[in-house]
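Enquirer: Sharing a model prediction with you, sequence too.
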Amino acid sequence: MDRDVRRVASRLISVATGSMDEKTDWEVHVIYAPTEKNAFVLPGGKIFVFSGLLDVTKDDAGLATVLSHEIAHQMARHSAEKLSQANLLGVLYLVASLFVDPSYLQFGRAMSSLLLELPNSRQCEQEADQLGLYLMAKACYDPAQAVALWQRMKAAEMASPPQFLNTHPSTDSRIENIRALVPQANMKREAANCPNQDLTRSFFDSFSPNTVY
């Protein structure tokens, strides 16, 4: 389990490293939590994958979809942006508390979350989806499998809040956005001179245990 995650992550990181201006000390950690279907990245390239997610990823392409998304967050410095935004809002609330009734301040905090923080988080997620899709394509994974992964994720997820109250795009919206990007991702895969999948599959199929010589 750990070895599979690190093997796929290593292939993606080798491609991502060539696209980044600064050095990142990547670390990949697999946390044993069978019921938790999640992954996240911390500033500095610390990626955490919960073992329950592997029931949904199923294969290398599914893993690549998730890991490339998290790597893309680091490439775009989304974690650092969120921390900076949180620090700025914290200072503003502290100053405002000196002059404004606390009840109004609570309302203002809720509105800033709804109007500023949540849309920004959704925008970061959409950007990570796009960057991640291109990254997995350059690493020679089939980008169409990202659609399949999110379809499995939709089947596995329980009721979620409306998209405008969620830090992530709705899964249906995410699937449609990714599907629209697949042709561009395929072009990047072709530009990376990846081996032809059909030929590779035919070669290995010729050594199937059921083959009669």
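Expert: Yes, it's here.
Enquirer: doesn't Val49 make contact with Val66?
Expert: Yes. The pair Val66 and Val49 qualifies as a contact (C-beta atoms under 8 Å) at a distance of 7.1 Å. All C-beta spots, glycine's among them, are computed from the backbone N, C-alpha and C.
Enquirer: Identify the contacts common to these two.
Expert: Any residue near both Val66 and Val49 by C-beta atoms under 8 Å, 6 or more residues apart in numbering counts here, and that gives Ala39.
Enquirer: ok, Ile31 - contacts?
Expert: Ile31 neighbours (C-beta under 8 Å, 6+ apart): Phe48, Val49, Phe50, Ser51.
Enquirer: What of Glu157?
Expert: Contacts of Glu157 by C-beta under 8 Å, 6+ apart are Lys37, Thr171.
Enquirer: can you offset everything so residue one is 39?
Expert: That works, and once the first residue is 39, the last one we named lands at Glu195.
Enquirer: What distance do you get for it to His67?
Expert: 23 Å (C-beta to C-beta, to the nearest Å).
Enquirer: okay, and for the protein, where does confidence drop off?
Expert: Residues of the chain meeting the criterion pLDDT under 70: 57-60, 116-158, 196-206, 235-251.
Enquirer: all helices of it, in order?
Expert: If DSSP state H is used as the criterion, the helices of the chain fall at 40-55, 92-95, 98-113, 116-134, 140-150, 156-176, 182-194, 209-229, 235-243.
Enquirer: Any buried residues in the second one, and which?
Expert: Of the residues in helix 92-95, those buried under the neighbour-count criterion (16 or more other C-beta atoms under 10 Å) are Leu92, Val94, Thr95.
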